[in-house]
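Visitor: Build me a structure from this.
(one chain, ligands or ions: 1)
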Amino acid sequence: MKPADLTALKRRGEKLAVLTAYDYPTARLLDESGIDILLVGDSLGMVVLGFPDTTHVTMEHMLHHTAAVARGAERALVVADLPFASYDTPEQAIANARRLVAAGAHAVKLEGGASHAARIAAIVADGIPVMAHLGMLPQSVVQEGGYRIKGKTPEAAAALLADAHAVENAGAFAVVLELVQADVAAVLSAALKIPTIGIGSGLACDGQVLVTHDLIGLFPWFTPKFARQHAQVAVSLREAAAAFIRETKQPER
Ligand code: KIV
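Guide: Residues are numbered from 1 along each chain as shown. This is a model prediction of the structure:
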């Protein structure tokens, strides 16, 4: 899968399946399962590193986990998040995008619309494909005071459409729509040539992305309402640990 192929996939009406991965075995299992895109999301800050939000994730964290995922990915496109405060200027954005590519990413993702178009264009001009991210922007959660649905008013919907056109014109090859009201996500998906990849944004998007821990029940302390769980790995892990503890402490003679 190459970034340049995605627009043609969208034209053919083929949907994209995207999951997060942060380590080698998960990346390899998802890759072998046929996933289109592995996203080394900065959600790793919460579901792997135990931080309260993504603003604690550093470039060093992202480089370490991107390299592990890249070692497990044979055919999927590997996209790595540029973390909080790592793309404040076009120069910094290019330098850090290059580091993620050197660690094994095929493309990078950053959060922001028209305000970030120049940074997207600069990275793309440097030869690195960029996935954009609109709607709820987790790196701004502290300023925004929570995770809320976006695009609820006509003005907010129009601003999202303008942002979507701005990131497409800047050269982004796809755009994540996070917590965008479903009817607005449908309008954006119809308006853009590049694919939209939704998370909590309805089924009209051109693809769907989930945090793998939410899909497989590996982070039982919080699961977003929109996430359909297809496994309960935390339950299996607790059962296996309990069995091991029992066997160790009360060995059968
Ligand atoms: O960090 C992440 O996992 C993401 C997805 C939620 C889209 O950005």
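
Visitor: what sits against Ser227?
Guide: No Ser there; residue 227 is Ala. The neighbourhood of Ala227, defined by C-beta atoms under 8 Å, 6 or more residues apart in numbering, consists of 210-211, 214-215. Every C-beta, even on glycine, is put in place using the N, C-alpha and C of the backbone.

Visitor: I misspoke; the intended subject was Pro195.
Guide: Residues near Pro195 by C-beta under 8 Å, 6+ apart: 6-7, 9-10, 16, 174-175, 189, 205-207.

Visitor: so what pLDDT did it get?
Guide: The confidence metric pLDDT takes the value 98 at Pro195.

Visitor: now do Glu144
Guide: The predicted local confidence for Glu144 comes out at a pLDDT of 85.

Visitor: circling back to that earlier point, counting neighbours, which of the contacts of Pro195 comes out on top?
Guide: Looking at the contacts of Pro195 with neighbours defined as other C-beta atoms under 10 Å, the largest count falls to Ala174 at 31 neighbours.

Visitor: Tell me the confidence at that residue?
Guide: The predicted local confidence for Ala174 comes out at a pLDDT of 98.

Visitor: Is Val79 in a helix, a strand, or coil?
Guide: Going by DSSP: H, G, I helix; E, B strand; the rest coil, the secondary structure assigned to Val79 is strand.

Visitor: what residues are up against it?
Guide: Residues near Val79 by C-beta under 8 Å, 6+ apart: 37-40, 105-109, 131.

Visitor: coming back round to it: secondary structure and distance to Ala85 for the contacts of Pro195 - can I get that in a markdown table?
Guide: Conversion of those to a markdown table gives the following (DSSP: H, G, I helix; E, B strand; the rest coil; distance: C-beta to C-beta, whole Å):
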| residue | secondary structure | distance to Ala85 |
| --- | --- | --- |
| Leu6 | helix | 28 |
| Thr7 | helix | 31 |
| Leu9 | helix | 33 |
| Lys10 | helix | 32 |
| Leu16 | strand | 29 |
| Ala174 | strand | 23 |
| Val175 | strand | 21 |
| Ser189 | helix | 30 |
| Cys205 | coil | 28 |
| Asp206 | coil | 30 |
| Gly207 | strand | 28 |
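
Visitor: Those into a markdown table, with extra columns for distance to the ligand?
Guide: Rendered in a markdown table, the data for the contacts of Pro195 read as follows (distance: C-beta to the nearest ligand atom, whole Å):
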| residue | distance to the ligand |
| --- | --- |
| Leu6 | 16 |
| Thr7 | 20 |
| Leu9 | 19 |
| Lys10 | 18 |
| Leu16 | 12 |
| Ala174 | 11 |
| Val175 | 11 |
| Ser189 | 16 |
| Cys205 | 12 |
| Asp206 | 14 |
| Gly207 | 11 |
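
Visitor: returning to that earlier point: overlap between the contacts of Ala227 and the residues near the ligand?
Guide: Checking those against the ligand by C-beta under 6 Å from any ligand atom, the ones in range are Val211.

Visitor: Between all of the contacts of Ala227, which two are separated the most?
Guide: The span of those, defined through C-beta to C-beta, is set by Val211 and Leu215 at 7.3 Å.

Visitor: In terms of neighbours, single out the busier of the two.
Guide: Set side by side, Val211 and Leu215 show more neighbours around Val211, with 22 against 18, by other C-beta under 10 Å.
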